[in-house]
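In: Pasting the sequence and the predicted model now:
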Amino acid sequence: MHKGYLCIVLHGHLPYVRHPEHEDFLEEDWLYEAITETYIPLIMMFERLAADGINFKMTMSITPTLASMLTDELLQHRYIRHINKLIELAHKEVERTRWLPEFQKLAVMYLNLFTHARDLFERYHRNLVSAFRRFQDSGNLEIITCGATHGYFPLMDVAKASVKAQVKVAAANYEKNFGRKPRGIWLPECGYRPGDDEVLKESGIKYFFTDSHGILHGTPRPKYGVFAPVYCKSGVAVFARDMESSKQVWSSVEGYPGDYSYREFYRDVGFDLDYEYIKPYILPDGVRINTGIKYYRITGPNEEKQPYDPDRARQKAADHAGNFMFNREKQVEYLYDVLGRKPVIVSPYDAELYGHWWFEGPMWLEFLIRKVNFDQKAIKMITPSEYLSENPRNQVITPSMSSWGWKGYSEVWLQGTNDWVYRHLHKASWVMTSLVKSNPDVNGLKRRALNQALRELLLAQSSDWAFIMATGTHVSYAQRRTKDHILRFFKLADDIRADNIDENFLKELEYKDNIFPEIDYRVHQ
């Protein structure tokens, strides 16, 4: 009889980046890299497990922005163009490395990887959302939603209508893509402020996640710590992250991904090879970028790198999966005796850690699932919905304000580089609420303008822009996106109030920022 549960949660998210006005756009590569290196490898893993009759249980968020991009025909077409170029480059690499056997083996590996990625993408008719939905429908994968555009809720508290709109738009988008209402939600950045659960309840959401201190600092203190969910007074359940199991994986210093046998992320042929040779596969203006073909392993802390050995890395992934399982067995056995009930170990990670940042991540995860299924009896893998069904009685507390950002609160999204955005976001939110009250039920051009105004507001609220400003990467792009959406919003608001809508301007925005075609502006109230 098992003594505890393991709940693995992957947070699948990318900001909405779609630029039809440009033939090539650097930041769109974020999506293409994630498709090739994370989402397709995960789907392939699910298919292998299902083919072997393994009844695996996992939880994954697919944010509305990510789902919208994965179902967008323009981006699907551009991904095929992207992967075809990589296949072409891989063919050239197989030829170039013909006298370098340790590298040619890797070139062949990448050629196979890219070719299989394209084949799977076409097999699901270029719509990976349908692939993930297949495994939700089979009962193996529980897909949860997120805020519509990943707006950071704790800093939207003075404009609660926007928090409600983020949740309602997300729930509608989820139902459209997955054919059912969402049971759970990944709060953007795990950002929670007491009272937000009431908003979730209005949309029928049953549970969400916080970082450890969200529950540990709750009132009253949780009897079982982070090893059992709690209920808010609203009746919505909360699961908290287990730091021990999380750190073993996400830490590049102390965790598995930093092992010297694993592939080195920061050595890519896009930067290593001769410019004229690599030129067709980097940006048109000649700026070098990652291609995804990487020939070296981490090796050590110094600059010197040795060639990557996939067999060695595979064995290491198997060893690390066994180590992780052993640690969870001992953890649940100890907690079972101390708590007097079966603990649930909640292990959440960014999905892109698996495959993109940590190349061997999907391999490690597959080894872990297989080992848990065949090699032990202490742990049962479970989804949050299944846990609540099996264990409906839980303590009621009020969780504390928290996030999973640096230092656990709002510093990442509210500091010197990005604090300027909030006065504009709050003002825009209040204006949107006023527009809804003034136009409770309109049609035609004005309704289109109101719907587009809400799209622009939601896109401006994305926590990704403030995060990028804080980390210092792609700062000009994040600033431009924030300013563009805010300015577009206020232009639309002025036109609506003046009853003088510029239809050409509106059409341009509907073409560029076409997220959430089903949106109803009246949710912002």
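Out: Everything's here; your move. Numbers count the residues shown, from 1 in each chain.
In: give me the element Gly139 is part of.
Out: Applying DSSP states H and E as the criterion places Gly139 outside every helix and strand.
In: check contacts around it.
Out: By C-beta atoms under 8 Å, 6 or more residues apart in numbering, Gly139 lies in contact with Asn55. C-betas here are computed from N, CA, C, even on glycine.
In: where's it relative to Arg180, distance?
Out: As judged by C-beta to C-beta, to the nearest Å, Gly139 and Arg180 stand 12 Å apart.
In: Equivalent analysis for Pro280, please.
Out: Here Pro280 is placed at a distance of 45 Å from Arg180 (C-beta to C-beta).
In: Kindly report the same for Thr210.
Out: Per C-beta to C-beta, Thr210 is found 24 Å from Arg180.
In: Which one's more surrounded, the two?
Out: More crowded of Thr210 and Arg180, by other C-beta atoms under 10 Å: Thr210, with 27 against 12.
In: the strands in the protein, which residues?
Out: Along the chain, the segments classed as strands by DSSP state E run 4-12, 58-62, 141-146, 184-186, 207-210, 230-231, 237-240, 344-350, 379-381.
In: Could you dump these into a markdown table and include mean pLDDT?
Out: Rendered in a markdown table, the data for the strands of the chain read as follows (pLDDT from 0 to 100):
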| stretch | mean pLDDT |
| --- | --- |
| strand 4-12 | 98 |
| strand 58-62 | 98 |
| strand 141-146 | 98 |
| strand 184-186 | 98 |
| strand 207-210 | 98 |
| strand 230-231 | 98 |
| strand 237-240 | 98 |
| strand 344-350 | 97 |
| strand 379-381 | 97 |
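In: can you redo these as TSV with distance to Gln166?
Out: Listed next are these as TSV, based on distance: least, C-beta to C-beta, whole Å:
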stretch	distance to Gln166
strand 4-12	16
strand 58-62	14
strand 141-146	9
strand 184-186	10
strand 207-210	13
strand 230-231	22
strand 237-240	18
strand 344-350	20
strand 379-381	30
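In: Looking at the ones you listed, which is nearest to Ala498?
Out: For the strands of the chain, distance to Ala498 was read as C-beta to C-beta. The smallest value, 35.3 Å, belongs to strand 141-146.
In: Check what pLDDT Val253 gets.
Out: Model confidence at Val253, given as pLDDT, is 75.
In: Tell me how far it lies from Asp259.
Out: Counting by C-beta to C-beta, the gap from Val253 to Asp259 is 11 Å.
In: Between these two, which contacts overlap?
Out: With contacts defined as C-beta under 8 Å, 6+ apart, no residue is shared by Val253 and Asp259.
In: Those two: who's more crowded?
Out: Neighbour totals were compared for Val253 and Asp259, and Asp259 leads with 17 against 7 (other C-beta under 10 Å).
In: Excluding chain neighbours, what is closest to that one?
Out: Nearest residue to Asp259 in three dimensions, chain neighbours excluded: Lys316, at 5.7 Å (C-beta to C-beta, 6 or more residues apart in numbering).
In: give the contact list for that neighbour.
Out: Contacts for Lys316 (C-beta under 8 Å, 6+ apart) come out as Asp259, Ser261, Tyr262, Glu360.
In: can you list the weak-confidence ranges in the stretch 251-400 of the chain?
Out: Within the stretch 251-400 of the chain, the stretches with pLDDT under 70 are 252.
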